[in-house]
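Student: everything below, folded, please.
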Amino acid sequence: MTILLKEVEEIAKLAKLKFNDEERQKLQKELDTIIIYMDRINELNLEGVKPLEDVNETLENVSRVDINALSLSKEDALKNAPAKTEDYFKVPKVI
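Tutor: Numbering: from 1, shown residues only. Alright, predicted model coming up:
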């Protein structure tokens, strides 16, 4: 099965995309490659193959241990701030 330029144009129209002639040709080749690959997959005998439910079946949660440690004091954190108000960083208003 091959993808025709007419089909590429229809897909682009449905996706509300515009392509020039060169881009349409490139897209046609790429879609053709995808269709050929899918046809190859369809030829495989998958009888007895269980559907994949979870790709991370064997992974375990490997969170690090939460350890109390010293951190910056307010004064140290605000020391190099370009603008500050009392104990806080001053930033531009964002709406």
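Student: which residue is nearest the centroid of this protein?
Tutor: For the chain, the residue sitting closest to the mean C-alpha position, by C-alpha atoms, centre = their mean, is Val55 at 17.1 Å.
Student: how much space between that one and Thr85?
Tutor: 48 Å (C-beta to C-beta, to the nearest Å). C-beta: built from backbone N, CA, C; applies to glycine.
Student: swap in Val8?
Tutor: Distance, Val8 to Thr85, by C-beta to C-beta: 58 Å.
Student: these two - which one has more neighbours?
Tutor: Using other C-beta atoms under 10 Å as the criterion, Val8 and Thr85 rank with Val8 on top: 21 against 10.
Student: Asn68: neighbouring residues, count only.
Tutor: 5.
Student: swap that for Lys26, sorry
Tutor: 13.
Student: pLDDT value on it, please?
Tutor: What the model reports for Lys26 is a pLDDT of 95.
Student: quick one, helices of the protein?
Tutor: Secondary structure of the chain (DSSP state H): helices located at 5-14, 21-42, 74-78.
Student: can I get those in JSON lines with distance to Asn68?
Tutor: JSON lines is the format used below for the helices of the chain (distance: least, C-beta to C-beta, whole Å):
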{"stretch": "helix 5-14", "distance to Asn68": "57"}
{"stretch": "helix 21-42", "distance to Asn68": "53"}
{"stretch": "helix 74-78", "distance to Asn68": "18"}
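Student: of these, which approaches Glu60 most closely?
Tutor: Nearest to Glu60 among these is helix 21-42 (31.5 Å), distances taken as C-beta to C-beta.
Student: remind me what that closest one packs against, helices and strands.
Tutor: If contacts are counted by 3 or more C-beta pairs under 8 Å, 6 or more residues apart in numbering; DSSP states H and E, helix 21-42 sits against helix 5-14.
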